[in-house]
Each structure stands twice: as C-alpha cells, then as structure tokens.
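[1] next come a sequence and a model predicted from it.
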Amino acid sequence: MLKHVIRKVWSKGVYGQGGDELMSCLYVPASGFHNGKVHLAPRSFFGVEDFLDDNNSRPYTYKKEKRSKNPQKHVSFKQRTEAYMEPFTLDVLISKRFVTASLTHRVTSKQVAVAGTNSKDIKAVLQSRSDIPACLAVGRILAERAREADVYTAVYTPRDRDKFEGKIRAVVQSLIDNGIDVKLYLD
C-alpha cells in the first residue's frame, strides 16, 4: 500500500496550496488525522525543521538567556549602598598549618592589609603557626597594618562552613582589642 502511494506521488507530483508550482510537501492520507490535506513541510539545510525559541529569533541549539522572574525587581537602598557604607571586609582563613587574615575593600576588591603566620616576620617568633596564640598574633599585626592604611572599621561575615568560635573568634577579638571596630553579621 505504501509503495503504491509513493509511486503515485512521484509519478504525478503533488501540488501544494501555491497553485501550479511543484512544491516539496508531505501527503497525509484521508484515513488519518488532518483529513487528508496536503501539508507543506519546509526543510532546513540539515533536513530537520529548525525549532525556534519564544522570540523566534534563534535556532533551538543556542543557549537561551536567563530571564528574571520579576524584571521590575526593586533593589533596596541598603543593597545599593551597603558596599560603600561599610567598604572593608575581613577575611579569615584557618588551615591545619597556617592562619591568614586580610582586610579587603569591597568596591575595588583590593587587599588593604594582610597578615598570616606564613610570612617571615611572624614565622620566626611563633612556636606553632596554627594555634590560638598564633591567631592572636595575626590579629594584632593585621590591626597595626590596617591602622597604617587608615582603616578603622571592618565587617566580618563567617563562611557557611565556619563557626564563630575558637581560632576565628581569637583573630576577630584580637582585632577589636587592638583598635579596629569589627561589625559581625552572624546568621
């Protein structure tokens, strides 16, 4: 049956809705859906129809842009000005071997003051580079370097995996004791 239909289409040709011109089309028999109408089937270069996105601007193969759920989302005054009102952040990294702390300017992303137990001046003085006295020494030296750079306030928000206790608390407390006002944001 299918051979018969194909032979008939090839021998006579099927004319689409365009009139007398022979157009590439797809024939659907009357017993199926679409009531046996001739449907035009435009083909792409690769032999597959190009599926377009919502805007019909690009083929489906390109990555679509992420759209905000709320395009008119209001950004609060605090969100816009917080980086300028509290420009310096404290970053404390404690590993098994070293303790490092730094004050970073939020807007320019430049480190203003850095202190760590891996530096030569602290390394020679300390017995251990990762215990509580080492954390206190790092906080004291960071406070001195911050005052030299005219930084007297900082903001500290612990990372998700860090708890504000022990060595991290010792670094922050040492900064506070040596004249740097540290504002803590604990969740």
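    Cool, got the structure. Keep in mind that this is a model prediction, so the values were computed, not measured.

[2] quick check: the gap between Lys167 and Phe98.
    With distances taken as Cβ to Cβ, to the nearest Å, Lys167 is found 11 Å from Phe98. Heads up, the C-betas are built off the backbone N, CA and C, glycines and all.

[3] do Pro133 as well
    Distance, Pro133 to Phe98, using Cβ to Cβ: 14 Å.

[4] the two: which has the busier surroundings?
    Taking other Cβ atoms under 10 Å, Pro133 and Phe98 do not tie; Phe98 has more neighbours (16 against 12).

[5] next, that one: phi, psi?
    The phi and psi torsions at Phe98 (degrees, to the nearest 10) take the values phi -140, psi 160.

[6] please apply the same query to Val99.
    phi -130, psi 130.

[7] quick one: pLDDT of it?
    According to the prediction, Val99 has pLDDT 94.

[8] burial measure for it, as a count.
    Quick note: Val99 (other Cβ under 10 Å) scores 29 neighbours.

[9] ok, it to Arg106 distance?
    For Val99, the distance to Arg106 (Cβ to Cβ) stands at 23 Å.

[10] then Thr81?
    Applying Cβ to Cβ, the value for Thr81 to Arg106 is 11 Å.

[11] more crowded one of the two?
    Ranked by neighbour count (other Cβ under 10 Å), Thr81 and Arg106 place Arg106 first, with 15 against 10.

[12] where does the prediction get shaky in the chain?
    Applying pLDDT under 70 to the chain flags the ranges 1-68, 71, 187.

[13] hmm, who's touching the biggest helix by length in it?
    Counting residues, the longest helix found in the chain (DSSP state H) is helix 132-148. Residues outside helix 132-148 that contact it (Cβ atoms under 8 Å, 6 or more residues apart in numbering) are 94, 99-103, 112-117, 121-122, 125-128, 152, 154, 166-168, 170-175, 177-180.
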